[in-house]
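Predicted coordinates and the sequence they were generated for:
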Amino acid sequence: MPESLRSALIQALPYGRRYARALTGSQPLGDLLVAESLRTLTTSQQVDDLPSLCRLYQAISRHFAGQPENDGPEHGLSIVQRQLLLLTTLEEVSLDTAARIVGLSVKETSEDLESAYAYLKTGIQTSVLIIEDEPIIAMDIEELVLQCGHKVAGVAHTQADAIRLAKETRPGLILADINLGAGGDGMRAVAEITKSHSAPVIYVTAYPERLLTGETSEPSFVITKPFEPLTLAVATYQAVSNRNMVRAKGPVA
């Protein structure tokens, strides 16, 4: 593999991990998907003028779509629709490039996304615990959560408040900032909460690449500050629907 491609793929890895983890709902499964995709890229003779990051997205998308069928009617959206939503919101890929990544025409991609947006408006709702130390930002996030059709279980500004509120409200989803300033650490709060309460978690950070190294236990869902309502809606759908899929299939050995 050319050294230039190798360097470009190394820089792309955090974002490839984010995409793969959001698709699978799991750090181990997502990172395995990235590893398999990288092997394909490094051995392929195919020439493609897509940027390295988009080539990685493409390989991940193809590997994921090629796995045994893992989304039934209970999930509402097809694999391709979920991929397109994540690519265009979480990863901020353009419509034209997203079409090339999943192998559809721009017209087909636009139609798939339009149907997916319509579904999200009536899709999965849950209660959300917001962990954010900045009051103004917390208010903004609370409004976004309500716009997405969810209920706000509570807003915690410190690590201690988050642990207490989680015990009181038993939220269906946790939306957590990483750095709570003098109030503690969002990841530590979540680690304590999930000892006694199982809920999907979406982390919010201005520096996602710092959380996506693949070296330690890391989040399955990460969105970048600042974010749009649609990004939150898509991430929430993925987090909750992936959890429901695991419940439907039973525990994984």
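Sure, I can see it.

What residues of stretch 76-88 count as buried?
Across stretch 76-88, burial judged by 16 or more other C-beta atoms under 10 Å covers 76-77, 79-88. Using the backbone N, CA and C atoms, a C-beta is placed for each residue, glycine as well.

Could you do stretch 36-46 as well?
36-38, 40-41.

before we move on, the earlier item: quick one: which of the buried residues of stretch 76-88 is nearest S127?
Proximity of the buried residues of stretch 76-88 to S127 (C-beta to C-beta) peaks at G76, which lies at 19.4 Å.

what about the closest residue to the closest one other than its chain neighbours, distance to T89?
Nearest residue to G76, sequence neighbours excluded (C-beta to C-beta, 6 or more residues apart in numbering): Y119, at 5.2 Å. Distance, Y119 to T89, using C-beta to C-beta, to the nearest Å: 14 Å.

Looking at those two, which is more packed in?
Each of Y119 and T89 has its neighbours counted (other C-beta atoms under 10 Å); T89 has more, 21 against 16.

my read: that one touches P229, true?
No - applying C-beta atoms under 8 Å as the test, T89 and P229 come out as separate, 9.8 Å apart.

can you list the weak-confidence ranges in the stretch 151-253 of the chain?
214-217, 243-253 (pLDDT under 70).

circling back to that earlier point, how about the contacts made by the residue nearest to G76?
76-77, 81 (C-beta atoms under 8 Å, 6 or more residues apart in numbering).

In CSV: those residues, plus secondary structure.
Converted to CSV, the contacts of Y119 look like this (DSSP: H, G, I helix; E, B strand; the rest coil):
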residue, secondary structure
G76, coil
L77, coil
Q81, helix
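
Would you mind giving those residues as JSON lines with distance to G184 added?
Below are the contacts of Y119 laid out as JSON lines (distance: C-beta to C-beta, whole Å):
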{"residue": "G76", "distance to G184": "36"}
{"residue": "L77", "distance to G184": "36"}
{"residue": "Q81", "distance to G184": "38"}
